[in-house]
Structure formats: structure tokens, C-alpha cells
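Engineer: Can you look at this prediction? I've put the sequence above it.
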Amino acid sequence: MPVNVSQLIDQIKPEFVFAASRSSGPGGQNVNKVNSRITLSWKVSESTLAPEVKEVILKKLHSRITADGELQITVQESRSQLQNKEATIQKLHELLSKAFAPRKVRKPTKPGKVAKQARLQTKKQNSEKKKWRQKPE
């Protein structure tokens, strides 16, 4: 099912809840005063998306979704709240793009002639090696 992820994100943007908290990492004395870590929370289970789209998201991103049906993405790369907010949306875009990317169909293959010969040759060598280890009769 082809899905335009950019349009999808624009459609669900009003459902996003952003929370700011104190970030760890560089920032000097400022790090203790400024809430620059941003957490994006989105209730997938209560979303206004089509049921098929929701089902794909819940199935493919199940490891990142909480028991409440909420997808949370946290970013603290920058010292700017705005940049971190944009980074969370970008991260969600990447996750959804990966979830809706069509899987490549696997073509079953057989080992080639040379591979079969090489396997038989190594088997023969191993059996010879083990034969030399046995006690003489």
C-alpha cells in the first residue's frame, strides 16, 4: 500500500504532544536551567488515521509503542528546543518511511556447481584428516 509519509505526518501533527525536560550532556552551567530535551508523544491507537494504516504502524513499530498504544520519540542532540522538536518530527518521518517501505521479495537460489564441488572437496579433506587420526588396524 503506497503511503505518502509527508502527507501522513501533516495529517497527524495536531495529535502530537511535545514535552520538554532537562537534557543531559554538554551545555555547561546552562544545562541545569534550560529544558532542551524534547519528547514527542503520539497515541497511535487513538489516531484519526485509516484502520489499515494504523494496523501497519502498530505492527511494524510495536517495539517502540508503549502498552497504552503511545509512540514516544526523545531527542536531546541540540541545545535548542526548536531544533530538537524538528529532529523528533524528522525521526518519526524516518520511522514511518521505513515502516511503509515495500519489502524486497526474496528469490530462492540454489548453490552453484563450483560451490557444490568445493563443499565435497572440503568434506573429503576432513574425512582424510580424521582417517589419519585413527589407530591402525
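Structural biologist: Nice, I can see it.
Engineer: Please identify the helix or strand for the residue nearest the centre of the chain.
Structural biologist: The centroid of the chain falls nearest to L95 when counting by Cα atoms, centre = their mean (6.3 Å). Using DSSP states H and E, L95 maps to helix 81-100.
Engineer: What lies in contact with that helix?
Structural biologist: The set of residues external to helix 81-100 that reach it, using Cβ atoms under 8 Å, 6 or more residues apart in numbering, is 1-3, 5-6, 8-9, 16, 18, 20, 35-40, 42, 56-57, 60-61, 64, 71, 73-78. Placement of C-beta: from N, CA and C, glycine included.
Engineer: In PDB, list the C-alpha atoms belonging to stretch 52-72.
Structural biologist: Output of stretch 52-72 as PDB, limited to C-alpha atoms (Å, rounded to 0.1, in the frame of the first residue of the first chain):
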ATOM      1  CA  GLU A  52      -5.200  -0.200   7.700                       C
ATOM      2  CA  VAL A  53      -2.500   2.500   8.100                       C
ATOM      3  CA  LYS A  54      -2.800   2.300  11.900                       C
ATOM      4  CA  GLU A  55      -2.500  -1.500  11.800                       C
ATOM      5  CA  VAL A  56       0.700  -1.300   9.700                       C
ATOM      6  CA  ILE A  57       2.200   1.200  12.200                       C
ATOM      7  CA  LEU A  58       1.200  -0.800  15.200                       C
ATOM      8  CA  LYS A  59       2.600  -4.000  13.700                       C
ATOM      9  CA  LYS A  60       5.900  -2.600  12.300                       C
ATOM     10  CA  LEU A  61       6.700  -0.300  15.200                       C
ATOM     11  CA  HIS A  62       5.400  -2.500  18.100                       C
ATOM     12  CA  SER A  63       8.700  -2.500  19.800                       C
ATOM     13  CA  ARG A  64       8.600   1.400  20.100                       C
ATOM     14  CA  ILE A  65       5.000   1.600  21.200                       C
ATOM     15  CA  THR A  66       4.100   1.600  24.900                       C
ATOM     16  CA  ALA A  67       1.300  -0.600  26.400                       C
ATOM     17  CA  ASP A  68      -1.000   2.500  26.200                       C
ATOM     18  CA  GLY A  69      -0.600   2.500  22.400                       C
ATOM     19  CA  GLU A  70       1.600   5.600  22.500                       C
ATOM     20  CA  LEU A  71       4.700   6.100  20.400                       C
ATOM     21  CA  GLN A  72       7.400   8.200  22.100                       C
END
